[in-house]
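**Q** Sequence first, then the predicted structure:
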Amino acid sequence: MHSRAKYPVVHAVAVACALCVVAALLGGCPPGGEAVRIGALLGETGDLSHIGQSIRAGLEIGLTDANNYLASVNADFRFVIDGEETGGAAATALERAQVLRQRGIDILLGPTTSAEAAEVLPWADAQGVLLLSPSSTAPALAIADDNLFRMAPDDTHQAAAAGYAMLLQGVNIVVPLYRDDAYGQGLADAVAEYFGAEKQVDVLDGVAYDPATTDFTSTLDTLDAAVAAAQADFPGYLVAVFLAAHDEAVDILLAAQDYAELMDLRWFAGDKVAQNGALLSSAEAAALANSLSLTAVGNGAFGSGTAAVRQDIADHLGDTPHDYGLYAYDAVQILLDAYLALGKDADAADVQAVLPALFENYLGVTGWTLANENGDRAVGSYFLWQVLPDADEELVWTNLGLVTAK
């Protein structure tokens, strides 16, 4: 196992490389060798924009560090990342992937969401295109021998971490509230599976909503009724809501404040809510998350150089980043290892063949990347997050501790 610490962390991304993620279109790549072109399906807009922006920053910084290392060893190639924006839309992700393939690119970093990955994967399998996603986690995509590798564990691990947090707080009944897509349904199902009969926690069927929903009145009416029924059937039991959402968590919290019973519950949430920048951007939503003691589970990142790269991403964004930016950084470094081993002429099939061994032997800014038989990270390390006041009384996402789930 090795650490990427041998590659110097660049604390100020060079101006000439600040847009290298679209360098195939704009020019200005670092000189010094033949260009190895990698694609990226970016989600800087849409309903996970903060994560998408953090991922782009992680890719850019990872690209700069990788190319600096290649220059330091006089390698005969440099990386170019050709990015295409998907807006978080599944159909657009497939269209943009096809555009990148038409440019001769057969390795794509991304996509950001599991819904996008589910849309792109059948085509990628058929076309021999390799996908390396920093942030897709749906259990339904945990498939052996496919062309999707994921830097994060699937959500059965996240469900165990969330379940542990709920058990610590004495929860007896869980009502899932989730987006009706691969991510939301998969995470809600995983939470129910984690608890089961032996955990002495009942998970109700829950309430699903269309990801395109903008008015959550009907959704919350249904949730409120489900909670009231549970409280009537099990008086004295502690009922909690588990929220599997993207940025619409902001609208859900704002609408939920009109429901007195919902405001008296414990609230928990998944990784796309943890560290969510859109939530902090709404002072009202942040205050509600604080008053509810909303506990969100997020994929952890700790390893060699973690603090330095996290600060690089923060400086690049001008904002507190989501840790999925660090997962994107490590994805670039693993591709660097692949091309150092295989040479600049390697194609997607060559890289895919060596990825399991590289995952097993890489210790990066997100820790050990050992993959399972499905090409997903095998061990989940999760931080528990709440929105709490900092020393200046500003509400910020605060790390409460670490939970490891295998």
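**A** Yep, that arrived.
**Q** and residue 44, how many neighbours does it have?
**A** The burial count assigned to residue 44 is 20, neighbours taken as other C-beta atoms under 10 Å. Bear in mind the C-beta positions are built from the backbone N, C-alpha and C, glycine included.
**Q** Which parts of this structure are helices?
**A** Ranges of helices in the chain, per DSSP state H, are 23-26, 49-72, 90-102, 114-127, 155-168, 182-195, 217-233, 249-256, 260-263, 277-281, 283-292, 306-317, 324-342, 348-361.
**Q** would TSV of these with distance to residue 372 be doable?
**A** Shown next, in TSV, are the helices of the chain (distance: least, C-beta to C-beta, whole Å):
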stretch	distance to residue 372
helix 23-26	33
helix 49-72	22
helix 90-102	24
helix 114-127	17
helix 155-168	10
helix 182-195	15
helix 217-233	34
helix 249-256	29
helix 260-263	37
helix 277-281	30
helix 283-292	33
helix 306-317	23
helix 324-342	16
helix 348-361	9
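**Q** export those to a markdown table and tack on distance to residue 402, mean neighbour count and mean pLDDT?
**A** Shown next, in a markdown table, are the helices of the chain (distance: least, C-beta to C-beta, whole Å; neighbours: other C-beta atoms under 10 Å; pLDDT from 0 to 100):
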| stretch | distance to residue 402 | mean neighbour count | mean pLDDT |
| --- | --- | --- | --- |
| helix 23-26 | 37 | 16 | 34 |
| helix 49-72 | 20 | 25 | 97 |
| helix 90-102 | 32 | 18 | 98 |
| helix 114-127 | 24 | 21 | 98 |
| helix 155-168 | 9 | 24 | 96 |
| helix 182-195 | 18 | 24 | 97 |
| helix 217-233 | 30 | 15 | 97 |
| helix 249-256 | 23 | 21 | 98 |
| helix 260-263 | 29 | 15 | 97 |
| helix 277-281 | 22 | 19 | 96 |
| helix 283-292 | 21 | 18 | 98 |
| helix 306-317 | 13 | 19 | 95 |
| helix 324-342 | 15 | 25 | 98 |
| helix 348-361 | 21 | 17 | 98 |
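**Q** quick one: which of these is nearest residue 401?
**A** Across the helices of the chain, the minimum distance to residue 401, taken as C-beta to C-beta, is reached by helix 155-168, at 9.3 Å.
**Q** Dump the closest one to CSV, restricted to CA.
**A** Extracted in CSV, the C-alpha atoms of helix 155-168 (Å, rounded to 0.1, in the frame of the first residue of the first chain):
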residue,chain,number,x,y,z
ASP,A,155,-25.1,2.8,0.6
THR,A,156,-25.5,-0.4,2.5
HIS,A,157,-22.5,0.9,4.4
GLN,A,158,-24.0,4.3,4.9
ALA,A,159,-27.2,2.8,6.1
ALA,A,160,-25.3,1.0,8.8
ALA,A,161,-23.6,4.2,9.9
ALA,A,162,-26.9,6.1,10.0
GLY,A,163,-28.6,3.2,11.8
TYR,A,164,-25.9,3.3,14.4
ALA,A,165,-26.4,7.0,14.9
MET,A,166,-30.1,6.5,15.3
LEU,A,167,-29.6,3.7,17.8
LEU,A,168,-27.3,5.9,19.9
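**Q** Report all helices and strands that it contacts.
**A** helix 182-195, strand 239-244, strand 266-269, strand 295-299, strand 380-389, strand 395-405 (3 or more C-beta pairs under 8 Å, 6 or more residues apart in numbering; DSSP states H and E).
**Q** Tell me which residues of stretch 204-219 come out buried.
**A** For stretch 204-219, a neighbour-count test (16 or more other C-beta atoms under 10 Å) marks 206-209, 211, 216, 219 as buried.
**Q** Give me the domain ranges for the protein.
**A** 2-153+301-378, 156-299+383-405 (automatic domain parsing).
**Q** For the residue nearest to residue 53 when sequence neighbours are not counted, give me its contacts.
**A** Spatially, and ignoring its direct neighbours in sequence, residue 53 is nearest to residue 44 (5.1 Å; C-beta to C-beta, 6 or more residues apart in numbering). Contacts for residue 44 (C-beta atoms under 8 Å, 6 or more residues apart in numbering) come out as 52-53, 56, 85.
**Q** Relative to residue 356, which of the buried residues of stretch 204-219 is nearest.
**A** Residue 356 lies nearest to residue 211 out of the buried residues of stretch 204-219, by C-beta to C-beta, at 32.8 Å.
**Q** Quick check: the closest one vs residue 127, distance?
**A** 27 Å (C-beta to C-beta, to the nearest Å).
**Q** How about residue 259?
**A** Taking C-beta to C-beta, one finds residue 259 at 47 Å from residue 127.
**Q** and residue 299, what are its bridge partners?
**A** Note on residue 299: beta-bridge partners residue 382, judged by DSSP bridges.
**Q** okay, now the residue lying closest to residue 206 once chain neighbours are set aside: neighbour count?
**A** Nearest residue to residue 206, sequence neighbours excluded (C-beta to C-beta, 6+ apart): residue 176, at 3.2 Å. Residues near residue 176, counting by other C-beta under 10 Å, number 25.
**Q** Verify the stated contact: residue 176 with residue 194.
**A** No. In this structure, residue 176 is not within contact of residue 194 by C-beta atoms under 8 Å, at 11.7 Å.
**Q** Residue 41 is in contact with residue 87, correct?
**A** No. Between residue 87 and residue 41 there is no contact under C-beta under 8 Å: 10.5 Å.
**Q** Who has more neighbours out of those two?
**A** The residue with more neighbours, out of residue 87 and residue 41, is residue 41; 27 against 17, by other C-beta under 10 Å.
**Q** Can you give me the distance of the residue nearest to residue 206 to residue 223?
**A** Distance from residue 176 to residue 223, by C-beta to C-beta: 10 Å.
**Q** Quick check: neighbours shared by the two?
**A** 207, 241.
**Q** List the residues that contact the residue nearest the centre of the chain.
**A** Nearest to the centroid of the C-alpha atoms of the chain, with distances taken as C-alpha atoms, centre = their mean, sits residue 135, at 3.0 Å. Residue 135 makes contact with 48, 51, 55, 112-113, 151-152, 324, 327-328, according to C-beta under 8 Å, 6+ apart.
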